[in-house]
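Visitor: Here is a sequence with its predicted model. Questions after.
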Amino acid sequence: MPPYPFSKLNVFKTKSALGEYLAPFRKSGKRIGFVPTMGALHAGHISLIQAAKKENDLVVCSIFVNPTQFNDPEDLKKYPRPVEKDLALLEEHHCDVVFMPEVEEMYADNAPWTHDFGLLERVFEGKFRAGHFRGVGQIVKMLFESVEPHHAYFGQKDFQQFLVIKKLVSDFHMPVELTACPIVREANGLAMSSRNVHLSLEERSNAGQIFRILSQTRENLYLFPVAELEKTAMEQLALIPGASPEYFNIVNNTDLSAVTNPETEAVCVALVAVRIGKTRLIDNMILKP
Ligand code: PAF
């Protein structure tokens with residue numbers, strides 16, 4: 001076990017040590033809840049730990065900055081890695097086990113990932129970050145195989161990622177229950193994200209506009225045609241100082257295909273991606289129900 005000065009946290013770096021520790025719990029019928037993360041933890045992650053604590057006997061959190069899901073090497077290089085702070089937060093929130101492998105541990109066999117998630121991995125985030133969801137699928141499958149959780153918790157902020165993981169679990173018949181937990185927002189509405197640390201104070205304050213634009217779209221859902229709502233939102237995003245909007249689309253919650261008539265759609269979600277300065281932000285809002 002690495003020499004972290006935390007008394008109650010069990011920190012493991014290898015799959016075998018983690019497996020050995022978890023085996024007796026699994027054998028005795030204890031439920032294992034799992035929160036996979038890339039670290040740089042914030043209140044959004046803590047809400048996942050809390051949800052997992054409520055519904056399971058033991059909570060495992062993984063911290064692994066997964067190189068295969070980064071399409072931009074600069075983004076990978078500057079991804080925040082405040083390990084000691086993360087471990088202190090996890091201990092404070094009574095997480096039981098932390099799995100913190102090195103890249104070599106997860107990718108030792110270097111097996112190529114060939115699974116195709118279909119259209120889901122080619123639209124929105126998949127289009128703007130080519131290969132991203134293949135990397136996510138590859139690592140989440142390996143993490144699920146290492147932890148063998150009964151239940152795993154993800155943030156709704158990564159809406160498309162959650163659909164990809166649902167498909168992963170269904171395609172590979174993995175016995176894991178999945179929950180998407182609500183987005184946790186800062187006081188001005190900005191969705192919590194590990195990448196928010198890259199925003200200047202001014203950018204952070206301006207980024208609150210994204211939530212305002214999403215909320216306004218929700219209010220106007222039945223008042224204007226979808227194409228007009230999307231156009232207005234893109235125009236308003238472009239007015240945020242330093243912003244370059246990438247997309248704002250109203251889609252369904254199953255395969256993310258375009259909604260033309262919200263009246264006949266069971267669930268409508270607005271997905272948005274925008275760069276503010278050098279930082280790329282994504283957000284979403286369920287507009288209906
Ligand atoms: O959402 C994340 O933090 C990551 O994409 C995940 C699910 C931990 C996989 O690396």
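Guide: Arrived safely, thanks for sending. This one's a predicted model, so the numbers in the text were calculated from it and none came from an experiment. Residues are numbered from 1 along each chain as shown.

Visitor: make it CA atoms for all contacts and neighbour counts henceforth
Guide: Will do.

Visitor: Helix, strand or coil: sort out residue 108 for me.
Guide: Put simply, residue 108 is coil when judged by DSSP: H, G, I helix; E, B strand; the rest coil.

Visitor: and it, how many neighbours?
Guide: 9 (other Cα atoms under 10 Å).

Visitor: Now do it against the ligand, distance only.
Guide: Residue 108 is 17 Å from the ligand, where distance means Cα to the nearest ligand atom, to the nearest Å.

Visitor: ok, which stretches of the stretch 1-150 of the chain are helices?
Guide: Secondary structure of the stretch 1-150 of the chain (DSSP state H, counting those that start in this stretch): helices located at 15-27, 43-55, 73-78, 83-92, 103-106, 125-128, 132-147.

Visitor: For the ligand, which of those is the nearest?
Guide: Using Cα to the nearest ligand atom as the measure, helix 132-147 is the one of these that comes nearest the ligand, at 5.0 Å.

Visitor: Include distance to the ligand and mean neighbour count when you put the helices of the stretch 1-150 of the chain into JSON lines, please.
Guide: Shown next, in JSON lines, are the helices of the stretch 1-150 of the chain (distance: least, Cα to the nearest ligand atom, whole Å; neighbours: other Cα atoms under 10 Å):
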{"stretch": "helix 15-27", "distance to the ligand": "16", "mean neighbour count": "14"}
{"stretch": "helix 43-55", "distance to the ligand": "9", "mean neighbour count": "20"}
{"stretch": "helix 73-78", "distance to the ligand": "12", "mean neighbour count": "12"}
{"stretch": "helix 83-92", "distance to the ligand": "13", "mean neighbour count": "16"}
{"stretch": "helix 103-106", "distance to the ligand": "12", "mean neighbour count": "13"}
{"stretch": "helix 125-128", "distance to the ligand": "12", "mean neighbour count": "17"}
{"stretch": "helix 132-147", "distance to the ligand": "5", "mean neighbour count": "19"}
